[in-house]
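Engineer: turn this into a model:
(one chain, ligands or ions: 1)
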Amino acid sequence: MKIKKTNVALPAIHEMGRKIQQLSAETGLEYLFLQRGINSVVNIDLSEVVKNIDFNSKEIQTYPPSQGRAELREAINNEYFDGKTDISCISICGGGMPGIDNAFQIADVRKIYLPVYHWGNYHNAMKIRKIEYDEYDSFENLKKIIPELKDCAVLLGDPGNPFGNKYDDAEIFELIKKLDDNGTVVFYDSPYRRVFCGKADNFYQRLLEMDNLVILDSFSKSLGLSGQRLGFVHCKNAEFNHEMAVRLAFATNGTNAFAQILVEKLFTTEEGKKAVSDFKATTVAEITKNIKYLKESGLIANEFYNESVPTGIFAIINASEDKLLENRIGSVSLSKFTLSRKEEAAKYSRVCVSIEHKKLVEFFERMMDKK
Ligand SMILES: Cc1ncc(COP(=O)(O)O)c(C=O)c1O
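Structural biologist: From the prediction side, this is the model:
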């Protein structure tokens, strides 16, 4: 068979996961899986929530609409937009990644600008779809070239991956507004934001004034449901939404109905709201302690947090991937998150800080004792 090759490698984190599992099996010692991008402090407790789901209903057992179930889109409208958007602007996807991949294909732009340090999946999705790439190294420099970006798109994420850094909302809003006014498409991909806030957060509502903005979100991080593969895309452009529905219909035939009903129940029932709020409270408390500890121990690479605040769920550590691995800590080298600064990035690593505080301290204290 002749194959149309993408020449794209599988994500580095899969390789690291395999390596750590093997080392752990060989040595019988515990390793920390901090290479992953998932909240691992606690699981969201779904036991009371699933009691509200009728598994024998036709809603679960038959095809959902290609743009997603209206009930879930309504629940998202209430939860994220205070009921101020129209559900025709919301499309449900099988996680954040398919939303990103489809949105990148739909927007007719000359190229997409990514941050110099970015989640590798963006660039790989662009490579597979033959979309041209460019990069920006700071908001200040991006602002300087706004007139050149008329027929382009810019990706913004906050808190970002790999840094886990949070900018001031006012600053991000102002930047999006400038780009939007210029006719530049903005992909706002911030699936980590809602780990740290809930319905009271009105940022998405404020973004509703933007015409060229695509909000990309996922329940993998904020609800700890990466296994359910569910996310959503919001855009005010009707043609964009039509194309999204068409692509979802013919590439997926609709997104898992059980996952959609589960998330709807998390937003609309008392049991669901409690499960979400307990999950976030415990998770954020440990993340906060972990970041404080890493900062106070001088392990965080402060040079990456001059204009933003380390928030989670990731942080950049002043140690290479190999050094961390010697100390039984899984991580991903920062060099895997950049195309243009690989050499200088190799001495840093990204770790996930969403794990039990006691565990994180145990492993990093041991590493520092050995110095
Ligand atoms: C920045 C960013 N965006 C989007 C996603 C998509 O997540 P998922 O496809 O699991 O919903 C991830 C996952 O790691 C991510 O780091």
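
Engineer: could you check how far the helix or strand that Val186 is a member of is from the centre of its chain?
Structural biologist: According to DSSP states H and E, Val186 maps onto strand 185-189. Strand 185-189 sits 13 Å away from the centroid of its parent chain (Cα atoms, centre = their mean, to the nearest Å).

Engineer: give me the domain ranges for this protein.
Structural biologist: With domains defined by automatic domain parsing, the chain comprises 12-44+272-369, 53-267.

Engineer: how about the longest one and the ligand, touching?
Structural biologist: The reference is to domain 53-267. Yes: with Cβ under 6 Å from any ligand atom as the measure, domain 53-267 is seen reaching the ligand through Gly95, Gly96, Met97, Trp119, Gly157, Asn161, Asp189, Pro191, Ser218, Ser220, Ser226, Gly231. All C-beta atoms are positioned from the backbone trio N, CA, C, and that covers glycine.

Engineer: with stretch 37-52 instead?
Structural biologist: Yes: applying Cβ under 6 Å from any ligand atom, one finds stretch 37-52 touching the ligand at Gly37.

Engineer: still on that earlier bit, among the residues of domain 53-267 next to the ligand, which lie within strands?
Structural biologist: Those of the residues of domain 53-267 next to the ligand mapping onto strands are Asp189, Ser218, Gly231, per DSSP state E.

Engineer: can you show me the strands along the stretch 251-371 of the chain?
Structural biologist: Remark: strands assigned in the stretch 251-371 of the chain by DSSP state E, counting those that start in this stretch are 309-310, 314-317, 332-333, 349-352.

Engineer: how about residues contacting the first one?
Structural biologist: Which is strand 309-310. Outside of strand 309-310, the residues within contact range by Cβ atoms under 8 Å, 6 or more residues apart in numbering are Phe163, Gly164, Asn165, Lys166, Ile291, Leu294, Lys295, Ile300.

Engineer: try it again at 6 Å.
Structural biologist: Gly164, Asn165, Lys166, Ile291, Ile300 (Cβ atoms under 6 Å, 6 or more residues apart in numbering).

Engineer: could you report the neighbour count for the first one?
Structural biologist: It stands for Gly164. 28 (other Cβ atoms under 10 Å).

Engineer: who's in contact with it?
Structural biologist: With Cβ under 6 Å, 6+ apart, Gly164 has these contacts: Pro310, Thr311, Gly312, Ile313, Phe314, Ala315.

Engineer: ChimeraX command to pick out the buried ones of those?
Structural biologist: Remark: buried members of those, expressed as a ChimeraX selection using 16 or more other Cβ atoms under 10 Å:
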select :310,311,312,313,314,315
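
Engineer: just give me the neighbour total for Asp137.
Structural biologist: Asp137: 12 neighbours (other Cβ under 10 Å).

Engineer: likewise Glu48?
Structural biologist: Glu48 - counted by other Cβ under 10 Å - has 14 other residues nearby.

Engineer: for Val233, grab phi and psi.
Structural biologist: Backbone torsions of Val233, given as degrees, to the nearest 10, read phi -120, psi 140.

Engineer: and the closest residue in space to it that isn't next to it in sequence, what pLDDT?
Structural biologist: Leaving aside its sequence neighbours, Val233 sits nearest to Gly99 (Cβ to Cβ, 6 or more residues apart in numbering; 4.3 Å). If you check Gly99, the pLDDT there is 98.

Engineer: then Lys370?
Structural biologist: Confidence score, pLDDT, at Lys370: 68.

Engineer: what residues are up against Asp158?
Structural biologist: By Cβ under 6 Å, 6+ apart, the neighbours of Asp158 are Lys166, Tyr167, Ile172, Ser190.

Engineer: taking the residues you listed one by one, which sit in helices?
Structural biologist: Counting by DSSP state H, the members of these that fall within helices are Ile172.

Engineer: I'd like the contacts of Asp158 as TSV, with distance to Thr85 and pLDDT appended.
Structural biologist: Below are these laid out as TSV (distance: Cβ to Cβ, whole Å; pLDDT from 0 to 100):
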residue	distance to Thr85	pLDDT
Lys166	24	97
Tyr167	24	97
Ile172	19	97
Ser190	17	97
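
Engineer: now the contacts of Asp158 as CSV including distance to Tyr348?
Structural biologist: What follows is the contacts of Asp158, written out as CSV (distance: Cβ to Cβ, whole Å):
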residue, distance to Tyr348
Lys166, 19
Tyr167, 20
Ile172, 24
Ser190, 22
